[in-house]
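In: Build the 3D model from these lines:
(one chain, ligands or ions: 2)
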Amino acid sequence: SIPLGYFGGIGLASRNGILFKGSNFLDVMTMIDTVIMDKTGTLTKGVFKVQEVVTDNFDQAELIKIAAAIEANSTHPIANAVVEYAGDKANLKAENVEEISGHGLKGTVNGKTVLAGNAKLLKKFSVSYHSEIDSLVDTVVVLAIDNKYVGYITIADEIKEDAKEAIERMHSLKLQTVMLSGDKQAVVDKVAKALGIDQAFGDLLPDGKVEKVQGFKDGGSRIAFVGDGVNDAPVVALADAGIAMGGLGSDATIETADIVIQNDQPSKITSAIMIGRITKRVVW
Ligand code: ADP
Ligand code: MG
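Out: Numbers count the residues shown, from 1 in each chain. Ligands and ions are numbered 1, 2, ... in the order given. Model prediction:
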């Protein structure tokens, strides 16, 4: 039988917007020593906005239309930003659009092959691009048409209001903090520095995130992983405690998670640990 205290713990958590999918995870949370977090949608709002459009011998309005035609086929938050920015000027249609995980999109617009994604995507197709792209401290969508670089769009996201406090609380509980992201290392470093996160790894493909989490596990760390994206389900499953942001989160990640944070606030991560600790004291 399950001791009474566990029901109290689950109820207390639920009143705080934290859904535990089993009483055992209250216990698991008391043993966590490392919190690994996804960046986009977990520590940042995951709502991107277009900042700048820079073209290389290409019409700017045309570039936006082409980018929007391709991105209309993706649900990625970056894609939404481009489509929203183009607004009702978006009058082109893309065909044969393929989403290349961790890279971006490839498709056909007006019979021409279009690439829209990060620098890794262009490298994958051996398209050379302007070197300033690698030094930008911004998330960027690089565009190529028929294997020729034509320009880029910079996109920005905002850090969540309570993210810094969340990291401070983790450190006061003696937890190690780690951030993993598919975004550029320069952007990842900027966010990590602003939040005081111990270790931050960028430019990761979904498999790369799994490898990192496995590495921490192999090193003896007890991991809580917090994510929201489609790509996050495998790492959520691998962690000792898999936590999903419930509001913006993908169905796959929420389904796989042991714990769901309903209002997406990162400060609820330490609340979940505290509730685990309180429950343990009641149970024993
Ligand atoms: P994360 O959730 O960690 O930010 P993703 O795997 O979702 O990582 O994306 C990694 C990177 O791939 C993004 O930062 C972006 O550069 C690129 N990318 C993914 N999807 C798209 C898209 N639809 N359009 C443009 N770039 C994309
Ligand atoms: Mg994500």
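In: What residues does the stretch 101-250 of the chain have near ligand 1?
Out: 102-105, 116-118, 139, 141, 181-183, 229, 231 (C-beta under 6 Å from any ligand atom). C-beta: built from backbone N, CA, C; applies to glycine.
In: Show me the domain layout of the protein.
Out: What automatic domain parsing lists as the domains of the chain is 4-45+159-283, 49-156.
In: Just name the most buried of the ones you listed.
Out: Among those, domain 4-45+159-283 has the highest mean neighbour count (mean count of other C-beta atoms under 10 Å), at a mean of 20.
In: circling back: would you turn the domains of the chain into a markdown table with mean pLDDT?
Out: Converted to a markdown table, those look like this (pLDDT from 0 to 100):
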| stretch | mean pLDDT |
| --- | --- |
| domain 4-45+159-283 | 93 |
| domain 49-156 | 96 |
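In: out of those, nearest to ligand 2?
Out: Counting by C-beta to the ion, ligand 2 lies closest to domain 4-45+159-283 out of the domains of the chain; the figure is 3.0 Å.
In: How far away from the center of its chain is that closest one?
Out: Its chain's average C-alpha position is 12 Å from that of domain 4-45+159-283, according to C-alpha atoms, centre = their mean, to the nearest Å.
In: That domain and ligand 2 in contact?
Out: Yes: applying C-beta under 5 Å from the ion, one finds domain 4-45+159-283 touching ligand 2 at 38, 40-41, 229.
In: Tell me which of those fall in strands.
Out: Among the residues of domain 4-45+159-283 next to ligand 2, the ones falling in strands (DSSP state E) are D38.
In: quick one, what contacts the residue of the stretch 51-200 of the chain found nearest ligand 1?
Out: Nearest to ligand 1 in the stretch 51-200 of the chain, going by C-beta to the nearest ligand atom, is G182, at a distance of 2.6 Å. Neighbouring residues of G182 by C-beta atoms under 8 Å, 6 or more residues apart in numbering: 40, 102, 202-206, 209, 231.
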